[in-house]
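Trainee: need a structure here:
(one chain, ligands or ions: 1)
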Amino acid sequence: MKGTLIISLDNVKAYYARGDAYVKAVDGVTLNVYKGEVVGIVGESGSGKSTLSNVMIMNIKKPLTFIDGKVTLNVGADFLELNKMPRQELQKIIWGRETSIVPQSAMNALMPTKKIRDFISDLVKDHFERALNEEEIIERAKQRFTDVGISPNDIYRYPFELSGGMRQRAVIAIATLLNPRLLICDEPTSALDVANQKLVLKTLEQLRRREIVESIVFITHDIATVRQIATRMVVMYAGKIVEVSPVEDIIKEPLHPYSKGLLLSVVTPEPEIKKRGISYIPGTPPDLANPPVGCRFHTRCPYKMPICEEQEPPLKKVDTNREVACFLFNK
Ligand SMILES: Nc1ncnc2c1ncn2[C@@H]1O[C@H](COP(=O)(O)OP(=O)(O)OP(=O)(O)O)[C@@H](O)[C@H]1O
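Mentor: This next block holds a predicted model:
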């Protein structure tokens, strides 16, 4: 999919400082997200998905350190290099307005001791003051609560008074108050039952269809969820992107050996995957403070060749819409 570019990551490296070593959580990631897309980012726990979501909005807090690369966001007619902007400026003009994040736990995203209305009001003071006044924000919040299928009066309640699914939708409503172009959702459905998962996915899809948000990046372990909502799938392994593909293509025919293993190992109702049987990926992901030389997957890869232990495979186009980082495809 091509069209208007919303955000572009160019060879981005962001590491956690740990003693005198670095944990290379995002290590040379290049990715474009276009208007109208829902990009699903999948990978095992610890592959760098959450770190990547923070890097996308340049929410870099110690021990995370931005090492190298460029994060460019389309804002109005301009492209802003977010990695060059001070945190204060990001807070004032980017976060909430141009990019917004729905973090892993909805309960943690809200203040348990504050009524949601007061939480929103504090957000207004901290971030949005110059965009709208507090009253307008509260009115907008009520409207957005209605948009996501919860009662506008819920803003006068404490988070614990809402069910898990309602809380998650409340967080989505708050994250989209100012119609950000890019919404990043980090495992927004993982703590929910199936019925609530469906409601959250439907809510996100409606927000995109109504162009309240232009693009969504959706981080998850769950391939079935990606298939329901995403147009493209990005597979991460050990801090790197190993495959990018339209969702249906990768479900039918995963190219990278890790994508193959990941798709085969998931317990999923997806019929195409199920008929191939349930497999697993042998071994464990590497320590990112000391990743293997060459391809990071070579220690677990059934197709390993000598070159894989020596050189790092670049992410290369193998088809109009598909990219893979594997020497099986780009020798
Ligand atoms: N604050 C931190 N300090 C040091 N290392 C960290 C920190 N946070 C994460 N890491 C490490 O960075 C790597 C990537 O972690 P990250 O949370 O981004 O992965 P993930 O794919 O989102 O995992 P999960 O699905 O479990 O959330 C892991 O090796 C993790 O241990």
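Trainee: going forward, measure contacts between C-alpha atoms and count neighbours the same way
Mentor: Will do.
Trainee: What segments of the stretch 201-331 of the chain are strands?
Mentor: Taking DSSP state E, counting those that start in this stretch as the criterion, the stretch 201-331 of the chain carries its strands at 215-220, 232-237, 240-246, 316-319, 322-324.
Trainee: Which strands or helices does the last one pack on?
Mentor: The criterion is 3 or more Cα pairs under 8 Å, 6 or more residues apart in numbering; DSSP states H and E, and the helices and strands that strand 322-324 contacts are strand 240-246, strand 316-319.
Trainee: Save the strands of the stretch 201-331 of the chain as TSV, and put in mean neighbour count too.
Mentor: Formatted as TSV, the strands of the stretch 201-331 of the chain follow (neighbours: other Cα atoms under 10 Å):
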stretch	mean neighbour count
strand 215-220	26
strand 232-237	25
strand 240-246	25
strand 316-319	14
strand 322-324	22
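Trainee: could those go into JSON lines alongside mean pLDDT and distance to residue 90?
Mentor: Below are the strands of the stretch 201-331 of the chain laid out as JSON lines (pLDDT from 0 to 100; distance: least, Cα to Cα, whole Å):
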{"stretch": "strand 215-220", "mean pLDDT": "96", "distance to residue 90": "19"}
{"stretch": "strand 232-237", "mean pLDDT": "97", "distance to residue 90": "26"}
{"stretch": "strand 240-246", "mean pLDDT": "98", "distance to residue 90": "25"}
{"stretch": "strand 316-319", "mean pLDDT": "94", "distance to residue 90": "32"}
{"stretch": "strand 322-324", "mean pLDDT": "97", "distance to residue 90": "31"}
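Trainee: Is it possible to get a markdown table of those strands that adds distance to the ligand?
Mentor: Below are those laid out as a markdown table (distance: least, Cα to the nearest ligand atom, whole Å):
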| stretch | distance to the ligand |
| --- | --- |
| strand 215-220 | 7 |
| strand 232-237 | 8 |
| strand 240-246 | 10 |
| strand 316-319 | 22 |
| strand 322-324 | 19 |
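Trainee: Mind giving me the packing neighbours of the one helix or strand residue 197 maps to?
Mentor: In this assignment (DSSP states H and E), residue 197 forms part of helix 194-209. Under the contact definition 3+ Cα pairs under 8 Å, 6+ apart, helix 194-209 sits against helix 164-175, helix 223-229.
Trainee: Apply 6 Å and report the result again.
Mentor: Contacts defined by 3 or more Cα pairs under 6 Å, 6 or more residues apart in numbering; DSSP states H and E place helix 194-209 against no helix or strand at all.
Trainee: Give me the contacts around it.
Mentor: By Cα atoms under 6 Å, 6 or more residues apart in numbering, the residues outside helix 194-209 that reach it are 148, 165, 189, 213, 214.
Trainee: ok, of those residues, which one's closest to residue 285?
Mentor: residue 189 (24.1 Å; Cα to Cα).
Trainee: how about the residues of the stretch 1-150 of the chain near the ligand?
Mentor: 16, 23, 25, 44, 45, 46, 47, 48, 49, 50, 51, 63 (Cα under 6 Å from any ligand atom).
Trainee: typed the wrong thing, it's the stretch 151-300 of the chain
Mentor: Checking the stretch 151-300 of the chain against the ligand by Cα under 6 Å from any ligand atom, the hits are residue 288.
Trainee: Neighbours of the closest residue to residue 157 other than its chain neighbours, how many?
Mentor: Once flanking residues are discounted, residue 157 sits nearest to residue 115: 5.2 Å by Cα to Cα, 6 or more residues apart in numbering. Neighbours of residue 115 under the rule other Cα atoms under 10 Å: 19.
Trainee: Skipping adjacent residues, who's closest to residue 257 in space?
Mentor: Nearest to residue 257 is residue 301, by Cα to Cα, 6+ apart, at 6.7 Å.
Trainee: Please apply the same query to residue 314.
Mentor: Nearest one to residue 314, counting by Cα to Cα, 6+ apart, is residue 325 at 5.1 Å.
Trainee: Likewise for residue 146?
Mentor: Nearest non-adjacent residue to residue 146 (Cα to Cα, 6+ apart): residue 152, at 5.7 Å.
Trainee: Does the one you found touch residue 142 like I think?
Mentor: Yes: Residue 152 is in contact with residue 142 according to Cα atoms under 6 Å; the separation is 4.4 Å.
Trainee: Compare these two and say which one has the larger neighbour count.
Mentor: Neighbours were counted for residue 152 and for residue 142 using other Cα under 10 Å; residue 142 has more, 22 against 19.
Trainee: where does that one sit relative to the ligand, distance-wise?
Mentor: 31 Å (Cα to the nearest ligand atom, to the nearest Å).
Trainee: who touches that residue in this structure?
Mentor: residue 152.
Trainee: Can you give me the buried ones in the helix or strand containing it?
Mentor: With secondary structure defined by DSSP H and E, residue 142 is part of helix 134-147. Of all the residues in helix 134-147, those buried under the rule 16 or more other Cα atoms under 10 Å are 134, 137, 138, 140, 141, 142, 143, 144, 145, 146, 147.
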